[in-house]
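Enquirer: sequence first, predicted coordinates after that:
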Amino acid sequence: QVQLVESGGGLVQVGGSLRLSCAASGRTFSNYPMAWFRQAPGKEREFVGFVSRGGIDTYYADSVKGRFTISRENAKNTVYLQLNSLKPEDTAVYYCATRKSGSNVPKTTTRDYDYWGQGTQVTVSS
């Protein structure tokens, strides 16, 4: 049973930073790529970033490129999302996700992911 548990969300001012964490369990973490998505009120869940199995390759949505950084620590079964230069439009529930497949091809749609965490709220105040 794959389980993903996010943490690190909170309330931050415009221009501030947060680091989100996602702890995974239930299978060999290093064999699978990871991703972050977010969902704002009244909007569909959208892709944020992807990291390959070994953490070498990353891929980002244009809206966060240069501000957010995804990384992973396989020894700790954890993936991170560093959020910098936050804007009000970054306010959302942030979810980590992974796939049944171990393929390192970046995937950016929700239907490509099989396991999801419960989410952590990020609120950016202006």
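Expert: In hand now; what should we look at? This structure is a prediction, so every number in the text was calculated from the model and none was measured.
Enquirer: shaky segments in this structure?
Expert: Across the chain, nothing is flagged by pLDDT under 70.
Enquirer: which residue is nearest the middle of it?
Expert: W36 (2.2 Å; CA atoms, centre = their mean).
Enquirer: looking at this, that residue is in a strand?
Expert: Yes: checked against DSSP: H, G, I helix; E, B strand; the rest coil, W36 lies within a strand.
Enquirer: so what's it up against?
Expert: Neighbour list for W36: 20, 22, 48-49, 70, 79, 81, 94-97 [criterion: CB atoms under 8 Å, 6 or more residues apart in numbering]. In short, each C-beta sits where N, CA and C put it, glycine included.
Enquirer: again, only this time at 10 Å
Expert: Going by CB atoms under 10 Å, 6 or more residues apart in numbering, W36 touches 6, 20, 22, 47-51, 60-61, 64, 68, 70, 79-81, 83, 94-97, 117.
Enquirer: so of these, which ones are in strands?
Expert: 6, 20, 22, 47-51, 60, 68, 70, 79-81, 83, 94-97 (DSSP state E).
Enquirer: out of those, which are buried?
Expert: Buried positions within the ones in strands among the contacts of W36, assessed by neighbour count (16 or more other CB atoms under 10 Å), are 6, 20, 22, 47-51, 60, 68, 70, 79-81, 83, 94-97.
Enquirer: tell me the spacing between K107 and I70.
Expert: 14 Å (CB to CB, to the nearest Å).
Enquirer: please apply the same query to A23.
Expert: 15 Å.
Enquirer: what do you get for T78?
Expert: 12 Å.
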